[in-house]
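*Asks:* A structural model of the following input is requested.
(chains A, B, C and D)
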There are 2 protein chains.
Amino acid sequence: MDASTQLSARAREIVDVAHALLEEEGADGLSTRRLADRVGIRAPSLYSHFANKQELEGALVSDGLRELGDRFEAAISGSDDPVVDVANAFRAFAQARPHLFRLMYRVPWHETQLDPEAELRTRRFIGQATGGDIVGARVFWSFCYGLCELELADRFPAGGPVVDELWSAGLSALKAAMPMSPPAA
Amino acid sequence: MDASTQLSARAREIVDVAHALLEEEGADGLSTRRLADRVGIRAPSLYSHFANKQELEGALVSDGLRELGDRFEAAISGSDDPVVDVANAFRAFAQARPHLFRLMYRVPWHETQLDPEAELRTRRFIGQATGGDIVGARVFWSFCYGLCELELADRFPAGGPVVDELWSAGLSALKAAMPMSPPAA
DNA sequence: GTCTATAGTGGGATAGAC
DNA sequence: GTCTATCCCACTATAGAC
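*Replies:* Have a look, this model is predicted:
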């Protein structure tokens, strides 16, 4: 089954609680006992709804991909600088849901069941923003992901340039030098 | 104490075994019990040498920073394209020590004791390669880190361009568009 | 279909004896 | 420094109640 396209009402409720728990306490705080406590059941009962913890995390990540897709869609519609607007949407998502963001890119995808459609959708919007240039898309993705991850990990020492400056400098440089076609008008 | 500048001979031996275990079994395989087994002692005895597991990981990461610094130094000496050569050294390190690399950028530095000198040294080489341009250095770092992390996580779907192509395209674009001074001759 | 109780494995960590 | 013993917590599996 694809992890959360067809969740039962009870499973959906558990995943919603897990989202709240994740944002409040981080990935380390997302334990089966704590989650079950909040839901009002015993920890082993979670395994009636999910085969294991990875499948539950897969549902969380699939939700994250869907939300990211929504943000991309909103950023792209009517934009006259889709690459920058999609990139900004990516970083805004990372800052709005830091723990979910880190979970999305830390879990080995191949070992979990994710909603494949949600993931494809984000790729389609990125491809749309970069005019179909797959090299350009992945180079942009690498920069955006790396900066967001380092920013969340507080890896840029204080006293230096503001992260916003790094962000716009990197985006401008890549946009100027990468051979990306403009989006189809 | 800075985590591994002044390790006792016994602690040094334990860390060496931990390096081997980490590379063979990954971060999840690095448990205190397994490590102790390999060393030939009981798990609680590890705590005579390290306050907790984080301090032990800090020693591993400090070693990684020192090795990375060595690689940077070798890459820079006599190079006529220091930015690219340092970047290549970074990626080569990520591929040579994938589990250590991921550990270095996953552990929250502020919560561990790392060897501050080792970290400063890597920054100095990066600064040297970018001619002191701190914005350029961090933008480069973001791209290199993001691509290496995505590559190690197998996040670039097969069938697309080879990662080497993304790597050189990104480096070329950033080098062309970022206002970095050449290194002092 | 959902939940409970129970038990087993394995991880990090501490206390206290030698 | 090292040991034994112990604690707490996590995930997993099974059997059975409703």
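
*Asks:* I'd like to know which elements the host helix or strand of A:A75 is packed against.
*Replies:* Element membership of A:A75 [criterion: DSSP states H and E] is helix A:53-76. Packing partners of helix A:53-76 (3 or more C-beta pairs under 8 Å, 6 or more residues apart in numbering or on different chains; DSSP states H and E): helix A:9-29, helix A:82-96, helix A:98-106, helix A:116-129. C-betas here are computed from N, CA, C, even on glycine.

*Asks:* report the buried residues of it.
*Replies:* Within helix A:53-76, the residues scored as buried using 16 or more other C-beta atoms under 10 Å in any protein chain shown are A:54-73, A:75-76.

*Asks:* equivalent analysis for stretch A:154-170, please.
*Replies:* Here stretch A:154-170 shows A:R155, A:F156, A:V163, A:L166, A:W167, A:S168, A:A169, A:G170 as buried, counting by 16+ other C-beta under 10 Å.

*Asks:* stretch A:129-138 too?
*Replies:* A:A129, A:T130, A:G131, A:D133, A:I134, A:V135, A:G136, A:A137, A:R138.

*Asks:* and the third one, what element?
*Replies:* So the one you mean is A:G131. Using DSSP H and E, no helix or strand contains A:G131.

*Asks:* spell out which parts of chain A neighbour chain B.
*Replies:* Within chain A, the residues that sit near chain B (C-beta under 8 Å from any C-beta of the partner chain) are A:105-106, A:108-110, A:134-136, A:138-139, A:141-147, A:149-150, A:153-156, A:160-161, A:165-166, A:169-170, A:172-174, A:176-178.

*Asks:* do that again at 6 Å, thanks
*Replies:* Counting by C-beta under 6 Å from any C-beta of the partner chain, chain A comes close to chain B at A:134-135, A:138-139, A:142-143, A:145-147, A:160-161, A:166, A:169-170, A:173-174, A:176-178.

*Asks:* just the ones of the residues you listed in helices?
*Replies:* The helices, defined by DSSP state H, take in A:134-135, A:138-139, A:142-143, A:145-147, A:166, A:169-170, A:173-174, A:176-177 from these.

*Asks:* pull up the gap between the residue most central in space within chain A and A:A94, please.
*Replies:* For chain A, the residue nearest the mean C-alpha position is A:F101 (4.6 Å; C-alpha atoms, centre = their mean). In this view, A:F101 and A:A94 are 4 Å apart by C-beta to C-beta, to the nearest Å.

*Asks:* and whichever residue of chain A sits closest to chain B, what does it touch?
*Replies:* Scanning chain A for the residue nearest chain B gives A:G146, at 2.3 Å (criterion: C-beta to the nearest C-beta). Contact analysis of A:G146 by C-beta atoms under 6 Å, 6 or more residues apart in numbering or on different chains lists B:S142, B:F143, B:Y145, B:G146.

*Asks:* how many residues are close by the one residue in chain A that gets nearest to DNA strand D?
*Replies:* Using C-beta to the nearest atom of the strand, the closest approach of chain A to DNA strand D is made by A:T32 at 2.9 Å. Per other C-beta atoms under 10 Å in any protein chain shown, the neighbour tally for A:T32 reads 18.

*Asks:* which non-adjacent residue is nearest it?
*Replies:* A:A43 (4.4 Å; C-beta to C-beta, 6 or more residues apart in numbering or on different chains).

*Asks:* what is the neighbour count of that neighbour?
*Replies:* 14.

*Asks:* and it, how far from A:F50?
*Replies:* A:A43 is 12 Å from A:F50, by C-beta to C-beta.

*Asks:* any idea which of the buried residues of stretch A:154-170 is closest to B:E23?
*Replies:* A:R155 (23.6 Å; C-beta to C-beta).

*Asks:* let me know the secondary structure of the closest one.
*Replies:* Per DSSP: H, G, I helix; E, B strand; the rest coil, the local secondary structure of A:R155 is coil.

*Asks:* swap in A:L7?
*Replies:* Applying three-state DSSP: A:L7 is coil.

*Asks:* read off the pLDDT value for it.
*Replies:* On pLDDT, A:L7 comes in at 85.

*Asks:* for chain A, list the residues in contact with DNA strand D, please.
*Replies:* A:S31, A:T32, A:R33, A:R34, A:A43, A:P44, A:Y47, A:N52, A:K53, A:Q54 (C-beta under 7 Å from any atom of the strand).

*Asks:* at 10 Å instead, please
*Replies:* Residues of chain A lying near DNA strand D by C-beta under 10 Å from any atom of the strand: A:28-37, A:42-48, A:50-57.

*Asks:* can you list the weak-confidence ranges in chain A?
*Replies:* Residue ranges of chain A with pLDDT under 70: A:1-5, A:108-112, A:181-185.

*Asks:* enumerate the residues of it near DNA strand C.
*Replies:* A:7-11, A:13-14, A:36, A:39-49.

*Asks:* can you flag the buried ones in those residues?
*Replies:* The buried subset of the residues of chain A next to DNA strand C (16+ other C-beta under 10 Å) comprises A:L7, A:A11, A:I14, A:A36, A:V39, A:L46, A:H49.

*Asks:* centre of chain A to the edge, which residue is at the far end?
*Replies:* A:R42 (29.5 Å).

*Asks:* can you pull the contacts of it?
*Replies:* A:A36.

*Asks:* do you know how far it is from A:A118?
*Replies:* 31 Å.

*Asks:* and for A:F90?
*Replies:* In terms of C-beta to C-beta, A:F90 sits 15 Å off from A:A118.

*Asks:* same deal with A:S62?
*Replies:* 5 Å.

*Asks:* go on, A:P98?
*Replies:* Distance from A:P98 to A:A118, by C-beta to C-beta: 20 Å.

*Asks:* looking at the two, which one has more neighbours?
*Replies:* Comparing A:P98 with A:A118 by other C-beta under 10 Å, the one with more neighbours is A:A118, at 22 against 17.
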